[in-house]
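*Asks:* Prediction below, plus the sequence it came from.
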Amino acid sequence: ELLVAVGLRSVRPAERGEFTQRAYSAGKLNLVEVEALADLVTADTGLQRKLALKQMDGSVARIYEGWRSQLIRGLAHAEAIIDFGDDEDLEENENGTVENIWGGVIAQVQTLRRSMEGYLDNANRGEIARDGLKIAIVGPTNAGKSSLLNLLAQREVAIVSSIEGTTRDVVEVSLDLGGVKCTVSDTAGLRNSGDDDDSTGLGTNRVDEIELEGMNRARRAAKESHVIVCVLDATHVQQLLRDDGSTPSLNSADGNDTTNDGFQMVKSVLRDADPGQEIIYVANKADLLPRSDAAVYTPPIAILRDQLSVDHTHESTPDTNNSTSVVSYAHEISCSTNDGVEHLLANLTQIVLNRVTSSDSSSTQNSNSIPTEELTLITRTRHRYHVTKCVEAMERFESLAANNLEGVELAAEELRLAASELGRVVGAVDVEDVLDVLFADFCIGK
């Protein structure tokens, strides 16, 4: 009514992303910049905002356009060979190769391909920085997983009780660790299903089908995470000690059956971890440990390393190039007294930062030193897919171009495909389906 009153009868509310869509149609924004604007609108952390702003300034699109221009120049050379080859010197050299035909095109394509492969081989850092990093807290029942989540979140997120199996589902909370968005998941405690006889020590406290599903979800959460925080009860860890201070194998009959059972199930989860996943061991309830005889006291962390260590490339690999990024992968804490929690959080934050920054960097890794070009170039699965397809086409070109004169047409087609894949990244080629989904995600009026 107000618009009609002032004479603006033809005015209507804007559709989702309509202003951005008009800017794209008018050539004011390319597809990478449109995606960056969408990321900026939904950014939760400082790093996500930095990544989005870096992409919006056009520098990322210029890299893609530069790559595409090099491929187009090579394609123009190939087209010239095809169209005017009869008028050119196409004799093979004394080695039978065709380097004289392609000139420096093959070498340029090889150099460009290696550069792209360097960006692809970055452990998905850009996607992790944009989408966030997943952290799963796993361990036996009553180890203090929910208490740790509440401490990290600084609020009551999960229910805490002394009853085994209180947590039945995955409880997630979003945290900002060093500027990186992290989704931390508290999971159901792992224990024996209780289907066996009472020798498990569980007695009649059997696991129902709901808790069993919760444990299955815990395993999936651990499998899908980037970092696994393995939490165990420090007093149970101490129960693994023999009288002489040595630790038996978990497969032996020594020690407490219930403790061994929980350790076995946790170890099975860690054994399924991928090489790219980080594993942090946490012995909670350290305040309950008897320390009367310090001479014979064995820290639970030493026992954890002995009992739970698996063949894992990232289990204890500090960054030797940077003293500020050396991290600890084993901690003793107390969620009741908060002892050790601050140190655990600091190490967890450093591990997160190391996942989104280059491991060969010699500079101090912190939220102020990122984003880097490596992070900002490939931040979406769509980008990685098209760059990967481009590299594959370039590899086929190199094979065909080095073959013989009959492969010129096919080699030129591979260059055309490679250039087309890069064009799809910036929106220069066939991206209508992408645009429909992208603009639908915008807020009204953007």
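*Replies:* Done, it's in. Keep in mind it's a predicted model, so treat the numbers as computed, not measured. Residues are numbered from 1 along each chain as shown.
*Asks:* So what touches the helix or strand hosting residue 232?
*Replies:* Following DSSP states H and E, one finds residue 232 within strand 227-233. With contacts defined as C-beta atoms under 8 Å, 6 or more residues apart in numbering, strand 227-233 is touched by 133-140, 142-145, 148, 222, 262-263, 266, 269-270, 273, 277-285, 300, 304, 308, 348, 351-352, 355. All C-beta spots, glycine's among them, are computed from the backbone N, C-alpha and C.
*Asks:* who touches residue 391 in this structure?
*Replies:* Neighbours of residue 391 in contact, by C-beta under 8 Å, 6+ apart: 113, 116-117, 120, 418.
*Asks:* Next, find the distance separating it from residue 71.
*Replies:* When distance is defined by C-beta to C-beta, to the nearest Å, residue 391 is 11 Å away from residue 71.
*Asks:* Need the overlap of contacts for those two.
*Replies:* By C-beta under 8 Å, 6+ apart, the residues touching both residue 391 and residue 71 are residue 418.
*Asks:* I figured residue 414 was touching residue 390, is that so?
*Replies:* No. Using C-beta atoms under 8 Å, residue 414 is not in contact with residue 390, being 10.1 Å away.
*Asks:* And these two? Which one has more around it.
*Replies:* residue 390 (27 against 24; other C-beta atoms under 10 Å).
*Asks:* Contacts only, for the more buried one.
*Replies:* With contact taken as C-beta under 8 Å, 6+ apart, residue 390 is in contact with 67, 71, 116, 418-419, 421-422.
*Asks:* 10 Å - rerun?
*Replies:* Listed by C-beta atoms under 10 Å, 6 or more residues apart in numbering, the contact partners of residue 390 are 64, 67-68, 71, 112-113, 116, 120, 417-425.
*Asks:* just to revisit the earlier point, out of the contacts of residue 391, which comes closest to residue 60?
*Replies:* Each of those was scored against residue 60 by C-beta to C-beta, and residue 116 proved nearest at 13.8 Å.
*Asks:* Is there a neighbour count for the closest one? I'd like the number.
*Replies:* Residue 116: 19 neighbours (other C-beta under 10 Å).
*Asks:* tell me which element it is part of?
*Replies:* helix 105-120.
*Asks:* Go through that helix and flag the buried ones.
*Replies:* 105-106, 108-109, 112-113, 116, 119-120 (16 or more other C-beta atoms under 10 Å).
*Asks:* Specify which member of those residues is nearest to residue 46.
*Replies:* residue 119 (23.2 Å).
*Asks:* Contacts only, for the closest one.
*Replies:* Taking C-beta under 10 Å, 6+ apart, one finds 63, 125-126, 373-374, 377-378, 383-384, 387, 391 in contact with residue 119.
*Asks:* And it, how close does it get to residue 428?
*Replies:* For residue 119, the distance to residue 428 - C-beta to C-beta - is 19 Å.
*Asks:* For the contacts of residue 119, give me JSON lines that also has secondary structure, distance to residue 342 and pLDDT.
*Replies:* Formatted as JSON lines, the contacts of residue 119 follow (DSSP: H, G, I helix; E, B strand; the rest coil; distance: C-beta to C-beta, whole Å; pLDDT from 0 to 100):
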{"residue": "63", "secondary structure": "helix", "distance to residue 342": "40", "pLDDT": "92"}
{"residue": "125", "secondary structure": "helix", "distance to residue 342": "27", "pLDDT": "89"}
{"residue": "126", "secondary structure": "helix", "distance to residue 342": "30", "pLDDT": "89"}
{"residue": "373", "secondary structure": "helix", "distance to residue 342": "34", "pLDDT": "66"}
{"residue": "374", "secondary structure": "helix", "distance to residue 342": "31", "pLDDT": "65"}
{"residue": "377", "secondary structure": "helix", "distance to residue 342": "35", "pLDDT": "87"}
{"residue": "378", "secondary structure": "coil", "distance to residue 342": "35", "pLDDT": "91"}
{"residue": "383", "secondary structure": "helix", "distance to residue 342": "38", "pLDDT": "94"}
{"residue": "384", "secondary structure": "helix", "distance to residue 342": "37", "pLDDT": "94"}
{"residue": "387", "secondary structure": "helix", "distance to residue 342": "41", "pLDDT": "96"}
{"residue": "391", "secondary structure": "helix", "distance to residue 342": "44", "pLDDT": "97"}
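*Asks:* Narrow the residues you listed to those that are buried.
*Replies:* Counted by 16+ other C-beta under 10 Å, these give 63, 125-126, 374, 377-378, 383-384, 387, 391 as buried.
*Asks:* okay if I get those as a markdown table plus distance to residue 214?
*Replies:* As requested, the buried ones among the contacts of residue 119 are exported to a markdown table (distance: C-beta to C-beta, whole Å):
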| residue | distance to residue 214 |
| --- | --- |
| 63 | 46 |
| 125 | 32 |
| 126 | 33 |
| 374 | 39 |
| 377 | 40 |
| 378 | 36 |
| 383 | 36 |
| 384 | 33 |
| 387 | 39 |
| 391 | 42 |
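*Asks:* Please export the alpha-carbon coordinates of the helix or strand hosting residue 21; CSV is fine.
*Replies:* Residue 21 belongs to helix 18-25 when assigned by DSSP H and E. Written as CSV, here are the backbone C-alpha positions of helix 18-25 (Å, rounded to 0.1, in the frame of the first residue of the first chain):
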residue,chain,number,x,y,z
GLU,A,18,17.9,-11.6,-8.2
PHE,A,19,20.2,-8.6,-7.9
THR,A,20,23.2,-10.9,-8.0
GLN,A,21,21.8,-12.8,-10.9
ARG,A,22,21.4,-9.5,-12.8
ALA,A,23,25.0,-8.5,-12.0
TYR,A,24,26.2,-11.9,-13.3
SER,A,25,24.0,-11.6,-16.5
